[in-house]
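1. what follows is a predicted protein model with its sequence.
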Amino acid sequence: MENEEYKSLIENQRDKNNQLLGKFEEKLKADGLSDKTVFNHLSNLDFYINRFLLYEEIIAPKDGIRNVGYFFEEWFPRKAMWSNPASVNGTIIALKKFYKYLLLLDFITKSEYSGLLETIKDSKATWISYYQPNNDG
């Protein structure tokens with residue numbers, strides 16, 4: 001595939017992602033979340049779906065549910081130099097809300113969502129530990 005064609009596919013997916021984020025933003029506001037909270041969730045999700053999921057290949061958000069573990073274990077610690085326990089926590093919360101929204105839209109299955117919650121439950125402490133003092137990684 002030619003480089004320009006690939007860039008066009010990435011931009012096409014990014015446009016779809018941004019439309020989905022716009023609809024999710026409306027839902028968050030309708031749920032009564034503050035503007036600051038909505039902004040933080042959208043920023044975290046933008047980093048996940050428009051940076052991470054489009055970094056090495058083109059992965060749609062609905063398929064990206066399977067990549068959360070790799071994101072927190074490998075990619076986030078290397079690519080988000082500003083990351084810390086609070087940013088991990090905030091991103092986890094945003095991802096859980098976003099994928100619950102995708103479940104309501106029938107973009108993902110209940111089984112996929114349950115798997116995400118299980119992965120987070122089993123791994124969250126490890127992911128956060130990467131940012132603790134005296135941790136050699």
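-> Sure, I can see it.

2. quick one: Ala60 from Ile108, how far?
-> 11 Å (CB to CB, to the nearest Å). Backbone N, C-alpha and C define where each C-beta goes, glycine included.

3. comparing the two, which residue is more hemmed in?
-> Ile108 (22 against 15; other CB atoms under 10 Å).

4. residues in contact with the residue most central in space within the chain?
-> Closest residue to the average C-alpha location of the chain: Tyr48 at 3.7 Å, with CA atoms, centre = their mean. Applying CB atoms under 8 Å, 6 or more residues apart in numbering to Tyr48 gives the contacts 64, 71, 91, 94-95.

5. what is the burial count for Leu33?
-> By other CB under 10 Å, neighbour count at Leu33 equals 16.

6. which SS class is it?
-> coil (DSSP: H, G, I helix; E, B strand; the rest coil).

7. chain neighbours aside, what residue packs nearest to it?
-> Nearest residue to Leu33, sequence neighbours excluded (CB to CB, 6 or more residues apart in numbering): His41, at 7.5 Å.

8. mind checking how far Cys113 is from Tyr99?
-> No, residue 113 isn't Cys; it's Tyr. 6 Å.

9. overlap in contacts of those two?
-> Shared contacts of Tyr113 and Tyr99 (CB under 8 Å, 6+ apart): Ile65.

10. more neighbours: which of these two?
-> Using other CB under 10 Å as the criterion, Tyr113 and Tyr99 rank with Tyr99 on top: 21 against 17.
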